[in-house]
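>>> show me how the following folds:
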Amino acid sequence: MINAKRPSSDILIMTNENPISEREREILRLVATGATNQQIAIALNISVNTVKVHLRNIFAKIGVESRTEATVYAIRNGIVTVGETKLASIDEPESLPDPASLAPTYEAEREPTPVPVGEPIVELPAISPAPLPEVATPASPPSLTEPAPRSSITRVIPWLVGAIILIAILIAFLAINTRPISQTPPVNPTVSAFINPEQRWFSRQPLSNPRDDFALTGYDLERRLYVIGGQRDGIVSAAVDRYDPETDRWVALTDKPTAVSHARAITLRGLIFVPGGEDRTGAVIDRLEIYDPREQRWYSGAALPAPRSRYALAAWEGQLYLIGGWDGTSIRNEVFVYDPLLDRWETGPPLPQPRRNAAVAIAGGRLYIIGGEGINGPLRDSAWLEPSSDPTRRWLAIAPLPQPIARPAAVGLSSTLLVFDSERREGLTYDISADAWSRTPLPAEAKVFADAVLLDANIYFVGGSRAQGALSEYRALYVIFIPGQ
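The predicted structure follows:
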């Protein structure tokens, strides 16, 4: 199991030139315990590309060139012990992406443990967990931060690791010296991510309970989609539906405690977070409700600093970013940042201008806000934010969209943003390095909607009641092979 807990120590490790930050120390520890880039990304809820950027910086600071050397450095500096490492694992090239098939199944960490939601939700210490009738659950949510019991076999782990290292070295030596001279050069996979009209689109089983203004998220650990809440014919719903791409089936799950529309959902550290929204009376609320897909139970978290709906929502650098939105009377530009380990909200850098229903995506280690509705209508303006603890950081503008989009759908893929305009049925590609947009007409079979999510290598679009809950799949990523130099 990957331990993604933040280090309790704030001490920075000093190298010859630069200090290793707390985040870099955390990543270095995961590398030393044998985690892949994909596993680190999921554990810390950051992109694989962000992991690679961090690793390049770490390797440069500590003067190493491989994960094995980094592991040795981590042991020497007390970041990990020998028993925690996997020195025999193969070094992972930083230039190559992790295949989606290697996504781990681990238990995500949450600390402090959220408290079950009741009706009404009260102060966190005042409620004890209560099992739902649909699912047998433990008396209280398990703590994922408690150390596992140690057995006597751990005493011999260092000897086993040493033996494995010797065997690996011997095998590598024999393989190198017995390789035929005429062997074909190695082939390195390269990932290309962009809209390609020639690729096939797929229509999947439609949502059995179609509705509008719902929250949509992908749960990577299960590779499934979740549709939460929404409304139809003026009736706000608390329904939760799950889609399994492998079986092409929808399943109804335990209702959300508070029925909401115009909310968003995001997966963070193995839990699904649904903040705010508009309740059955149309009032904008400040509740944070958290769903555990493994236990199929709902919990409550700290209330938002202010009621919000129609906001943009992203999980970035292990935190939840709630951006802009609607407070019931006006469009807002505030940014709220939630720390799931502390169950606490803070204020982030405000947007340059108020907006609601904007799209958000993460690419190239940056957080992007795209389009949406401003005070005077749909927006072309978009901006980005870099990860930092600097309180003076601010949003920086990028090239404006080719046209205003009131409700765009956006997905980040490596160094590219894909944006979809469902009203015009058009795809847009943003090249980060060139700071430029290009239009990409969609094929006739493509069905795009304002609600979209990236799951593994595919983008899923879910339609509302007018589209009868249509579900469309677009295979956005593929792997091509180019001979290595």
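>>> please enumerate the strands of the stretch 351-485 of the chain.
Using DSSP state E, counting those that start in this stretch, the strands of the stretch 351-485 of the chain run over 359-363, 366-370, 373-374, 377-378, 382-385, 396-397, 409-413, 416-421, 426-431, 436-441, 452-455, 458-462, 471-475, 477-483.
>>> could I get the ones you listed in TSV, plus columns for mean neighbour count, mean pLDDT and distance to A265?
All C-beta atoms are positioned from the backbone trio N, CA, C, and that covers glycine. TSV is the format used below for the strands of the stretch 351-485 of the chain (neighbours: other CB atoms under 10 Å; pLDDT from 0 to 100; distance: least, CB to CB, whole Å):
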stretch	mean neighbour count	mean pLDDT	distance to A265
strand 359-363	24	95	13
strand 366-370	24	96	18
strand 373-374	21	97	20
strand 377-378	13	96	24
strand 382-385	22	96	21
strand 396-397	11	96	28
strand 409-413	23	93	15
strand 416-421	24	95	19
strand 426-431	20	95	24
strand 436-441	14	92	28
strand 452-455	20	93	9
strand 458-462	22	95	12
strand 471-475	20	93	16
strand 477-483	11	45	23
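>>> can you redo the ones you listed as a markdown table with distance to L216?
Converted to a markdown table, the strands of the stretch 351-485 of the chain look like this (distance: least, CB to CB, whole Å):
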| stretch | distance to L216 |
| --- | --- |
| strand 359-363 | 12 |
| strand 366-370 | 16 |
| strand 373-374 | 19 |
| strand 377-378 | 21 |
| strand 382-385 | 21 |
| strand 396-397 | 28 |
| strand 409-413 | 10 |
| strand 416-421 | 14 |
| strand 426-431 | 19 |
| strand 436-441 | 23 |
| strand 452-455 | 5 |
| strand 458-462 | 6 |
| strand 471-475 | 11 |
| strand 477-483 | 19 |
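>>> low-confidence ranges, this structure, go.
1-18, 82-199, 477-485 (pLDDT under 70).
>>> show me how the record splits it into domains.
13-105+157-174, 192-483 (automatic domain parsing).
>>> what's the most buried one of these?
Of the domains of the chain, the one with the most neighbours on average (mean count of other CB atoms under 10 Å) is domain 192-483, at a mean of 19.
>>> quick check, distance from it to the centre of its chain.
Relative to its chain's centre, domain 192-483 lies at 11 Å (CA atoms, centre = their mean, to the nearest Å).
>>> between the strands of the stretch 351-485 of the chain, which one is nearest to V251?
Comparing the strands of the stretch 351-485 of the chain by their distance to V251 (CB to CB), the top pick is strand 471-475, with 13.7 Å.
>>> listing partners with orientation, what would you give for the closest one?
As defined by DSSP bridges, the strand partners of strand 471-475 come to strand 201-204 (antiparallel), strand 458-462 (antiparallel).
>>> which residues does the longest one contact?
Same thing as strand 458-462. Here strand 458-462 makes contact (CB atoms under 8 Å, 6 or more residues apart in numbering) with 204, 207, 214, 216, 218, 225, 227, 243, 245, 409, 411, 418, 420, 447-449, 451-453, 469-477.
>>> hmm, try it at 7 Å
Where contact means CB atoms under 7 Å, 6 or more residues apart in numbering, the residues beyond strand 458-462 that reach it are 207, 216, 225, 227, 411, 447-449, 451-453, 469, 471-476.
>>> give me the angle between that strand and strand 409-413.
170 degrees (axes from the mean of the first three to the mean of the last three CA atoms, to 10 degrees).
>>> about what we covered before: of all the strands of the stretch 351-485 of the chain, which one is nearest T68?
Here strand 477-483 is closest among the strands of the stretch 351-485 of the chain (CB to CB), at 26.0 Å.
>>> what sits closest to L253 if chain neighbours are left out?
V240 (4.4 Å; CB to CB, 6 or more residues apart in numbering).
>>> ok, that neighbour - contacts?
V240 neighbours (CB under 7 Å, 6+ apart): 226, 228, 253-256.
>>> got it, and R356?
310-311, 324-326, 331, 372-373.
>>> what do you get if the cut-off is 6 Å, keeping everything else the same?
310, 324-326, 331, 372-373 (CB atoms under 6 Å, 6 or more residues apart in numbering).
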